[in-house]
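Engineer: Just the structure for this:
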Amino acid sequence: MQKDDYWFRAKRSGWGWALPIRWQGWLVYGVSLALLVSVFLLFPPDRHVVPFMIGTWAVLLALIAICRLKGEPPRWGK
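Structural biologist: The predicted model follows:
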């Protein structure tokens, strides 16, 4: 992938990604936030612990997968 195609810049130190550098990355962040709020409203953690945890983990793992696919390679270990 070319450098101009990345949605997320790699962090300067450590492993992971910094804030988005393109509008697509910001859209992914916004959708993730909306999904997390929806999970909280649909499955309140005080009444539906397991569905709340499954929904939360699903959203976070999807966010990490998108960052991995559309972000710069992490610099950790270089």
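
Engineer: Strands along the chain, start to end?
Structural biologist: Remark: strands assigned in the chain by DSSP state E are 8-10, 17-20.

Engineer: now these in TSV, with mean neighbour count?
Structural biologist: For every residue, glycine as well, the C-beta is placed using N, CA and C. Compiled in TSV, the strands of the chain are given as follows (neighbours: other Cβ atoms under 10 Å):
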stretch	mean neighbour count
strand 8-10	19
strand 17-20	16
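
Engineer: Determine which of these approaches residue 35 most closely.
Structural biologist: For the strands of the chain, proximity to residue 35 was assessed by Cβ to Cβ; strand 17-20 is nearest, at 16.5 Å.

Engineer: dump the residue contacts of residue 22.
Structural biologist: Contact partners of residue 22, counting by Cβ atoms under 8 Å, 6 or more residues apart in numbering, are 6, 7.

Engineer: and the longest helix for this structure?
Structural biologist: In terms of residue count, the longest helix belonging to the chain (DSSP state H) is helix 49-70.

Engineer: what about residue 70, neighbour count?
Structural biologist: 18 (other Cβ atoms under 10 Å).

Engineer: just checking, it touches residue 17?
Structural biologist: No. Using Cβ atoms under 8 Å, residue 70 is not in contact with residue 17, being 9.3 Å away.

Engineer: per-residue pLDDT, the residue lying farthest from the centre of the chain?
Structural biologist: Centroid-distance maximum for the chain: residue 47 at 25.9 Å, with Cα atoms, centre = their mean. Predicted confidence (pLDDT) for residue 47: 96.

Engineer: Got the phi and psi for it?
Structural biologist: Note on residue 47: its backbone torsions stand at phi -120, psi -30 [degrees, to the nearest 10].
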